[in-house]
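Enquirer: 3D model of this:
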Amino acid sequence: MSIQTGYLLIADITGYTGYLTRSELEHANPIIRSLLEAIVIELKDPMKLRGLEGDAVLAYSSGPFPSGETFLNICESLYRGFAERRRNIVQNTTCPCNACRNVADLDLKILAHHGKFEELSIGPMKDISGADVILVHRMAKTDVKEDTGIRSYALFSEDAFQEMGIESDLMQYSAQFEHFGDVPMRVYDLAAAWQRYREIAGPVRVADEDAVFTTRHILKAPPVIAWEMLTDPRLKMRWMMLRDAYREGDASRTSAGVRLHCIHEAAHFQMLIVDWHPFEYVTDILHNSSIEGLTNLETYELVPIEKGTEVVFRMGQLTDANGKHHPAEESAVIDLFENFYPVAFGILDEMASELQQEKQK
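Expert: Just a heads-up that it's a prediction; the model follows:
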């Protein structure tokens, strides 16, 4: 097999050994399986599941990755899936056994590295091998929690951080590993990021029955690619036919609570993101300078299908600050959208095709 280059990721349940040694296995094992399942569900293409390693999930990518921002979103989604499943177990069990009572003691850490590896096939078994695979496993044996006080974290090697190219200033960290020497890394507090999301975000979603305008389009690309094109200001410029697009203030990432500014030759749009669920849906409050004082909710939803993604756009009612509906202005916006989206979706098709071709190189 040829040598591949990509991200290597381990999602490791912490507190696992102590939990099992003081818990009843008939309840502990199903709980661990449920938590691992919640993590696996959140793995998105182009990340590939290599397999389970007891209390951990090993995954990797090969070939071009959409962006470092998307990789960070995947890491956050892994933690969110784990944390929400853990919370549901805690809230919905009345069992007094140690296994059920101590679920809250479990947490998650993510180790990520970018490097080279070989995909191996030995009979029916598949594996990945190489020094960089060993390194990402060594990264699980650090004292990040003790040294930083951060319990739930993503630990990125400096190689991964540089490959991601994100603007966020993550905490610097380093550790000595046998045969590797001093390895520089970056620490990201996953629990704090999830808490910020919970404090800001909805759930806010325009449903079919609440929408005054809905349009759907089949995009021949996975949800990860579609998500990036819908949320990255640089990519929005092209398919929305904008002169400029940028995040407000010093925001380095698009997420819940961030305001996007989109400059079109006909108007200036502001989109305040109020619900952010990577690779599934995003909702914003749209402010249009051509109809000052009126706003509406809009949701982009991504539905995985066999050959790509169904992109669904729903527009909520146009209202003023007092909640009064303005149907005349709303009708004008709908007319605009009816002409805009067929063209915009055509550009999205072109962009998806280009990104897919780049991925296959």
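Enquirer: Alpha carbons only: can I get stretch 181-192 in CSV?
Expert: What follows is stretch 181-192 as a C-alpha-only set of coordinates in CSV (Å, rounded to 0.1, in the frame of the first residue of the first chain):
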residue,chain,number,x,y,z
GLY,A,181,12.1,13.9,22.0
ASP,A,182,10.3,17.1,22.9
VAL,A,183,7.0,17.4,21.0
PRO,A,184,5.3,20.8,20.9
MET,A,185,1.5,20.7,21.1
ARG,A,186,-1.6,22.9,21.5
VAL,A,187,-4.4,22.5,24.1
TYR,A,188,-8.1,23.3,23.4
ASP,A,189,-10.7,23.2,26.1
LEU,A,190,-13.6,21.2,24.6
ALA,A,191,-15.9,21.5,27.7
ALA,A,192,-15.6,25.3,27.7
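Enquirer: ok, residues contacting that stretch?
Expert: For stretch 181-192, the external contacting residues (C-beta atoms under 8 Å, 6 or more residues apart in numbering) are 72, 75-76, 79, 83, 107-108, 110, 135, 138-139, 142, 144, 148, 150-158, 161, 168, 170-177. From N, CA and C alone the C-beta is placed, and that goes for glycine too.
Enquirer: Could you check it and say which residues are buried?
Expert: Residues of stretch 181-192 classed as buried by neighbour count (16 or more other C-beta atoms under 10 Å): 183, 185, 186, 187, 188, 189, 190.
Enquirer: what about residue 352, which SS state?
Expert: In three-state terms, and counting by DSSP: H, G, I helix; E, B strand; the rest coil, residue 352 is helix.
Enquirer: Could I get the phi/psi values of residue 327?
Expert: Dihedral pair for residue 327: phi -70, psi -30, per degrees, to the nearest 10.
Enquirer: how about the nearest residue to it, chain neighbours excluded?
Expert: Taking C-beta to C-beta, 6 or more residues apart in numbering as the measure, residue 327 lies nearest to residue 318, with 7.8 Å between them; neighbours along the chain are not counted.
Enquirer: pLDDT score assigned to that neighbour?
Expert: Reported pLDDT at residue 318 in the predicted model: 94.
Enquirer: Report the contact partners of it.
Expert: In this structure, residue 318 makes contact with 212, 291, 294, 295, 296, 325, 326, 327, 329, 330, 333, judged by C-beta under 8 Å, 6+ apart.
Enquirer: run the last query once more with 7 Å
Expert: With contacts taken as C-beta atoms under 7 Å, 6 or more residues apart in numbering, residue 318 has the following neighbours: 294, 296, 326, 329, 330, 333.
Enquirer: between those, which is nearest residue 6?
Expert: Distance to residue 6, by C-beta to C-beta, is smallest for residue 296 among the contacts of residue 318, at 40.6 Å.
Enquirer: now that closest one: how far from residue 233?
Expert: Distance from residue 296 to residue 233, counting by C-beta to C-beta, to the nearest Å: 20 Å.
Enquirer: swap in residue 217?
Expert: Going from residue 217 to residue 233 by C-beta to C-beta gives 21 Å.
Enquirer: what ranges do the strands span in the stretch 1-150 of the chain?
Expert: The residue ranges that make up the strands of the stretch 1-150 of the chain, judged by DSSP state E, counting those that start in this stretch, are 3-14, 48-52, 56-60, 107-122, 125-129.
Enquirer: Between those, which has the poorest mean confidence score?
Expert: For those, the weakest mean pLDDT is recorded on strand 125-129, namely a mean of 83.
Enquirer: Show me what it pairs with in its sheet, parallel or antiparallel.
Expert: In its sheet, strand 125-129 lies beside strand 107-122 (antiparallel), with partners assigned from DSSP bridges.
Enquirer: Can you dump the C-alpha atoms of the strand it pairs with in PDB for me?
Expert: Backbone C-alpha positions of strand 107-122 (Å, rounded to 0.1, in the frame of the first residue of the first chain) are rendered in PDB as follows:
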ATOM      1  CA  ASP A 107     -15.000  12.400  30.200                       C
ATOM      2  CA  LEU A 108     -13.400  12.700  26.800                       C
ATOM      3  CA  LYS A 109     -10.000  13.800  25.500                       C
ATOM      4  CA  ILE A 110      -9.100  14.000  21.800                       C
ATOM      5  CA  LEU A 111      -5.600  13.500  20.500                       C
ATOM      6  CA  ALA A 112      -4.800  14.700  17.000                       C
ATOM      7  CA  HIS A 113      -1.700  14.700  14.800                       C
ATOM      8  CA  HIS A 114      -1.000  15.300  11.100                       C
ATOM      9  CA  GLY A 115       1.600  13.100   9.500                       C
ATOM     10  CA  LYS A 116       2.300  10.100   7.300                       C
ATOM     11  CA  PHE A 117       1.100   6.500   7.600                       C
ATOM     12  CA  GLU A 118       0.600   3.400   5.600                       C
ATOM     13  CA  GLU A 119      -2.800   1.600   5.200                       C
ATOM     14  CA  LEU A 120      -2.200  -2.100   5.600                       C
ATOM     15  CA  SER A 121      -4.400  -5.000   4.600                       C
ATOM     16  CA  ILE A 122      -3.600  -8.400   6.200                       C
END
